[in-house]
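> quick check, what structure comes out for this input:
(one chain, ligands or ions: 2)
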Amino acid sequence: MSHLLPDDISLYWRWLFNVLMLGGRYLIFAGTAYLLYYVIKRKEWFYAKIQQKFPERKQILTEVKYSVLSFLVFATVLVLMRMASMYGILTSQVYHKFSDHSVAYFIGTTIFIIFFHDTYFYWAHRLMHHPLLYERVHKVHHLSKDPTPWASFAFHPLEAVLEIGFVPILVFTVPLHVSSLFILSMWQISFNVMGHLGYEIFPRRMMQNPVFKWMNTSTNHNMHHKFVKCNYGLYFNIWDILMNTNHAKYYATFDEVTARRDAGRKLVNTSQGQVEELELESNQVNA
Ligand SMILES: [Zn+2]
Ligand SMILES: [Zn+2]
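Numbers count the residues shown, from 1 in each chain. Ligands and ions are numbered 1, 2, ... in the order given. Next up is the predicted model:
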């Protein structure tokens with residue numbers, strides 16, 4: 001988004017702009033999800049919650065604190081990238097005119113960067129689970145055994161550097177239209193918030209579908225926080241399937257969570273229907 005800024009703006013303002021954009025995106029996506037699932041529908045939708053409890057306020061404050069810290073790190077890396085371009089050390093390959101490349105190229109590269117980030121994340125995440133790095137760095141993300149949407153960016157600052165590392169790799173090597181990066185940014189936060197939602201939103205039959213079973217789910221990442229040494233994926237379940245790192249009870253848990261959610265929803269709808277019927281009857285009697 002920093003391409004929206006004039007070229008001569010100082011690096012300090014650029015850094016601040018990045019922090020505000022990252023923070024604003026987090027506030028909108030994580031905030032909306034939290035408001036809906038944890039405040040407005042807190043009691044009403046509890047039957048569908050993956051882990052049948054709510055986290056303490058202290059945990060949520062820690063999630064927000066580390067996420068804000070991550071945005072300061074991300075903004076710094078983005079400014080350093082800008083400086084590398086300014087001083088001619090590296091050249092950004094990002095293009096702004098659609099006519100510079102074909103539509104097929106634009107679509108192909110947009111899909112490519114989503115798969116690239118998924119692969120990058122899986123292996124960086126596996127690295128973070130090495131005993132030496134886990135205790136010192138990645139444990140911060142695992143302070144939440146039952147995460148909320150606010151945990152989406154709750155990383156140790158060193159991990160935040162690794163998390164954003166795929167951006168300079170792409171920007172300085174692959175010609176990408178600026179909107180491809182925007183699409184990736186929206187895709188990324190949507191999946192990230194979903195993974196930490198604490199509720200499963202995908203249909204129960206998804207695992208029987210030959211295509212959709214390769215997508216990652218909220219249940220999958222929730223189990224990563226609960227059991228730690230399993231389910232490392234981000235957008236897709238491809239690497240977890242290939243490397244046999246899914247939790248042994250992943251599919252059974254997905255089935256249990258979605259069955260409970262669907263049965264609960266049915267029960268609520270039926271009882272609401274009965275109440276409406278009774279109200280209608282009593283109105284008719286009164287009339
Ligand atoms: Zn982890
Ligand atoms: Zn997580």
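
> ok now stretch 25-32, how far from the chain's centre?
With Cα atoms, centre = their mean, to the nearest Å as the basis, stretch 25-32 stands 11 Å off its chain's centre.

> can you list contacts of that stretch?
For stretch 25-32, the surrounding residues in contact (Cβ atoms under 8 Å, 6 or more residues apart in numbering) are 67, 71, 149-150, 152-153, 185, 189-190, 193, 196. All C-beta spots, glycine's among them, are computed from the backbone N, C-alpha and C.

> which one of these is nearest V171?
Closest approach to V171 among those (Cβ to Cβ): S185, at 12.6 Å.

> picking up where we left off before, got a PyMOL select line for the buried ones in the contacts of stretch 25-32?
Buried subset of the contacts of stretch 25-32, written as a PyMOL selection, criterion 16 or more other Cβ atoms under 10 Å:
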select buried, resi 67+71+149+150+152+153+189+193+196
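
> pLDDT, secondary structure and distance to T119 added to the contacts of stretch 25-32, as a markdown table?
Compiled in a markdown table, the contacts of stretch 25-32 are given as follows (pLDDT from 0 to 100; DSSP: H, G, I helix; E, B strand; the rest coil; distance: Cβ to Cβ, whole Å):
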| residue | pLDDT | secondary structure | distance to T119 |
| --- | --- | --- | --- |
| S67 | 98 | helix | 24 |
| F71 | 98 | helix | 24 |
| P149 | 98 | helix | 24 |
| W150 | 98 | helix | 26 |
| S152 | 97 | helix | 20 |
| F153 | 98 | helix | 20 |
| S185 | 97 | helix | 18 |
| I189 | 97 | helix | 19 |
| S190 | 97 | helix | 19 |
| V193 | 98 | helix | 21 |
| H196 | 98 | coil | 21 |
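
> from M128, how far out is M83?
As judged by Cβ to Cβ, to the nearest Å, M83 and M128 stand 27 Å apart.

> between these two, point out the one with more neighbours.
With neighbours defined as other Cβ atoms under 10 Å, M83 and M128 compare such that M128 has more, 21 against 13.

> center of the chain, which residue is that?
The centroid of the chain falls nearest to N192 when counting by Cα atoms, centre = their mean (0.4 Å).

> quick one, what contacts it?
Counted by Cβ under 8 Å, 6+ apart, N192 has contacts 152-153, 234.

> same thing but 6 Å
Going by Cβ atoms under 6 Å, 6 or more residues apart in numbering, N192 touches S152.

> name the helix or strand for it, please.
helix 178-195 (DSSP states H and E).

> immediately after that helix, which helix or strand?
Downstream of helix 178-195, the next assigned helix or strand under DSSP H and E is helix 218-227.

> now the angle from that next one to helix 178-195?
Interaxial angle of helix 218-227 relative to helix 178-195 (axes from the mean of the first three to the mean of the last three Cα atoms, to 10 degrees): 60 degrees.

> counting contacts, what elements does helix 218-227 pack onto?
When contacts are defined as 3 or more Cβ pairs under 6 Å, 6 or more residues apart in numbering; DSSP states H and E, helix 218-227 sits against helix 178-195, helix 250-286.

> pull out the buried positions in the longest one.
To tie it back to what came earlier, the one meant is helix 250-286. By 16+ other Cβ under 10 Å, the buried positions in helix 250-286 come out as 250, 253-254, 257-258, 260-261, 264.

> for the chain, which spans come out with low pLDDT?
1-7, 275, 278, 280, 282-287 (pLDDT under 70).

> what do you get if the cut-off is 80, keeping everything else the same?
The model of the chain has pLDDT under 80 over residues 1-9, 271-287.

> now do G195 against Y95, distance only.
31 Å.

> try F115
As judged by Cβ to Cβ, F115 and Y95 stand 21 Å apart.

> next one: E63
From E63 across to Y95, the span is 37 Å (Cβ to Cβ).

> between G195 and Y95, who's got more neighbours?
G195 (25 against 15).

> quick one: that one from S218, how far?
6 Å.

> now do the same contact list for V193.
Contacts of V193 (Cβ under 6 Å, 6+ apart): 29-30, 33, 149, 152.

> just flag the most distant two among those.
Every pair of the contacts of V193 checked by Cβ to Cβ; the farthest is A33 and S152, at 9.2 Å.
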